[in-house]
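> Sequence and predicted structure are below.
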Amino acid sequence: MRTNVSIDDTLMADVLAATGVKTKREAVELGLKTLLMLKQQEAIKAFKGKLKWEGNLDQMRSDRCRLQCLD
């Protein structure tokens, strides 16, 4: 999708320098993806203390180790 936006030149230059991306498009896409990821993490954090865990971590770890050791 093509969109035109006005972005502060200093902000864009700082983002390009800080991230190492080569184009303004990459900088904008990286920023949007990062913002989306942060919002998704906020949504996940809302479940803290609300989910009941029914499992055995020691058993899961030994199963995983056993599978990896077979490779």
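Sure, I can see it.

> Residues touching the longest helix seen in the chain, excluding its own?
Looking only at the chain and at elements set by DSSP state H, the helix with the highest residue count is helix 24-45. Identification of contacts with helix 24-45 by C-beta atoms under 8 Å, 6 or more residues apart in numbering yields 5, 7, 12, 15, 16, 19, 21. No exception for glycine: its C-beta is placed from N, CA and C like everyone else's.

> Just the buried residues from the residues you listed, in PyMOL please.
The following PyMOL line selects those of the contacts of helix 24-45 that are buried, judged by 16 or more other C-beta atoms under 10 Å:
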select buried, resi 15+21
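
> residues touching residue 47, list them.
Taking C-beta under 8 Å, 6+ apart as the definition, residue 47 has no contacts.

> And it, which helix or strand is it part of?
For residue 47, there is no helix or strand it lies in under DSSP states H and E.
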